[in-house]
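1. The following comprises the amino acid sequence and a computationally predicted model.
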Amino acid sequence: MATERVTERPDGSTERVVERDGGTTYVDRGGSGLGGVIIGIAVLALVAIVAFFLMTQSRNDTARTSAVTGAASSVANSASRAADSVGNAAGNAANPSK
């Protein structure tokens, strides 16, 4: 006949022992669940790292867009001033009265 006993430890883990008539003893030790907590912390850290990189990338895209917009505006202003200068030069050439 088999006898079975279950022992619960203070850390929350359990141990199940089954003894059979032939002298064979089976011991089944349950875990304390600490592995799940460690995996949870690792997943949380991974999510935080991914969020940090996504926010950094978004800031870089915004800065790049602002730089391109500023450069385009500067080129447009320079072209406008050049056109004004060419117009003034053409006007001066047409009126040599000065």
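-> Structure received.
2. Ramachandran coordinates for the spatially most central residue of the chain?
-> In the chain, the residue lying closest to the centroid (C-alpha atoms, centre = their mean) is residue 50, at 1.6 Å. Per-residue torsions, residue 50: phi -60, psi -40 (degrees, to the nearest 10).
3. And the pLDDT for it?
-> As predicted, residue 50 sits at a pLDDT of 94.
4. again with residue 97
-> 61.
5. what does residue 42 give?
-> Value for residue 42, per-residue pLDDT: 95.
6. Can you give me the neighbour number for it?
-> 10 (other C-beta atoms under 10 Å). The C-beta positions use only the backbone N, C-alpha and C, and glycine is treated the same way.
7. tell me which element it falls in.
-> Using DSSP states H and E, residue 42 maps to helix 34-94.
8. Where in the chain is the helix or strand with the lowest mean pLDDT?
-> The weakest-scoring helix or strand in the chain, judged by mean pLDDT, DSSP states H and E, is strand 25-29 (a mean of 63).
9. Walk me through the domains of this structure.
-> Domain assignment for the chain by automatic domain parsing gives 1-31, 33-82.
10. Could you tell me the least trusted of those domains?
-> Among the domains of the chain, domain 1-31 scores lowest, with a mean of 69.
11. Am I right that residue 12 is in a helix?
-> No. Looking at residue 12 with DSSP: H, G, I helix; E, B strand; the rest coil, it is coil, so not inside a helix.
12. Look up how far residue 40 lies from it.
-> 16 Å (C-beta to C-beta, to the nearest Å).
13. for residue 61, same thing?
-> 32 Å.
14. now swap in residue 60 and tell me
-> Applying C-beta to C-beta to residue 60 and residue 40 gives a distance of 31 Å.
15. No more questions from me, cheers.
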